[in-house]
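*Asks:* Sharing a sequence plus its predicted fold:
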Amino acid sequence: QVQLVESGGDSVQAGGSLRLSCAASEYTCRYFARSWYRQAPGKEREFVSSISMRGSTTYADSVKGRFTISQDNAERIVYLQMNSLKPEDTAMYHCKIYIPAPCPDRGDYWGQGTQVTVSS
């Protein structure tokens, strides 16, 4: 089982910045994709950003130009740099790693989340 631990969440004023980190326990395969999702109270979990093993990135329209995803493959860490934060970015942020078949560790793994609160 792959374990993920997020950190970096905090309470900030609108316009501020945070950097979230997600560290993964060791896994056997070099093929994966990492993502960030968020869930606000009373809302469904939504996609924020993803990055492939080779570094290809995608972003939700709501965060484009403000958030940047990156990774350190050697350390098995994925980051989410969040700038120009808005109150609507307030949510629990979860990271996910997808490990495809035929890797022995194949599957989707989620972290417990880190809380981001943005006040106006």
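*Replies:* Received the coordinates, thanks. Numbers count the residues shown, from 1 in each chain.

*Asks:* Average pLDDT for the helix or strand harbouring residue 12, rounded please.
*Replies:* Element membership for residue 12 (DSSP states H and E) is strand 11-13. For strand 11-13, the mean pLDDT works out to 98.

*Asks:* same for it, what does it pack against?
*Replies:* Judged by 3 or more Cβ pairs under 8 Å, 6 or more residues apart in numbering; DSSP states H and E, strand 11-13 is in contact with strand 114-119. Placement of C-beta: from N, CA and C, glycine included.

*Asks:* Mind checking the pLDDT average for the strand it packs on?
*Replies:* Strand 114-119 comes out at a mean pLDDT of 98.

*Asks:* Can you pull up the most central residue in this structure?
*Replies:* In the chain, the residue lying closest to the centroid (Cα atoms, centre = their mean) is residue 36, at 2.7 Å.

*Asks:* how about that one, what does it touch?
*Replies:* With contact taken as Cβ atoms under 8 Å, 6 or more residues apart in numbering, residue 36 is in contact with 20, 22, 48-50, 69, 78, 80, 93-96.
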